[in-house]
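Student: Here's my sequence, what's the structure:
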Amino acid sequence: QVQLVESGGGLVQAGNSLRISCAASGGIFSNYKMGWFRQAPGKGREFVAFITRSGVSTSYGDSVTGRFTISRDNTKRTIGLQMNNLKPDDTAVYYCAADPSTTYRSGRIASNYDYWGQGTQVTVSS
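Tutor: Purely as a prediction, here's the structure:
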């Protein structure tokens, strides 16, 4: 079992930057593929970013490519999401998630993740 806790959300003006983090406890963190998803009011959960166990490979959703960067520190058991040039459409609750599977599963699909944090609110004002 792994527990995930997000932090760093808040209110920011459009065009500015924000970094959110996710801390993991329990389990062997370096064994988990990790992802960020977000959910805006009235919308489904949207893929934001994914990072492999080693941190060597990443992928991003189309709407955030070039603006967001996912990272991880296996020693500190954390992942981060650096969000630059934020837009009002980025307003959502952001969730981190962990996939402990050893077989290939797409990191872009929410149902492939077994563990989720409680989320952190990011609000971007225009």
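Student: Go ahead and name everything in contact with the strand or helix carrying Gln121.
Tutor: Per DSSP states H and E, Gln121 falls inside strand 120-125. With CB atoms under 8 Å, 6 or more residues apart in numbering as the test, strand 120-125 has contacts from 6-14, 18, 20, 38, 83, 86-94. All C-beta spots, glycine's among them, are computed from the backbone N, C-alpha and C.
Student: Quick one: buried ones out of those?
Tutor: Among those, those classed as buried by 16 or more other CB atoms under 10 Å are 6, 9, 12, 18, 20, 38, 83, 86, 90-94.
Student: which of the residues you listed sit farthest apart?
Tutor: Greatest spatial distance among these (CB to CB): Glu6 and Leu86, at 16.6 Å.
Student: got a list of what Phe47 touches?
Tutor: Gly35, Phe37, Gly61, Gly107, Arg108, Ile109, Ala110.
Student: Show me which of the residues you listed is closest to Ala98.
Tutor: The closest of the contacts of Phe47 to Ala98 turns out to be Gly35 (CB to CB; 8.0 Å).
Student: From Gln13, how far out is the closest one?
Tutor: 27 Å (CB to CB, to the nearest Å).
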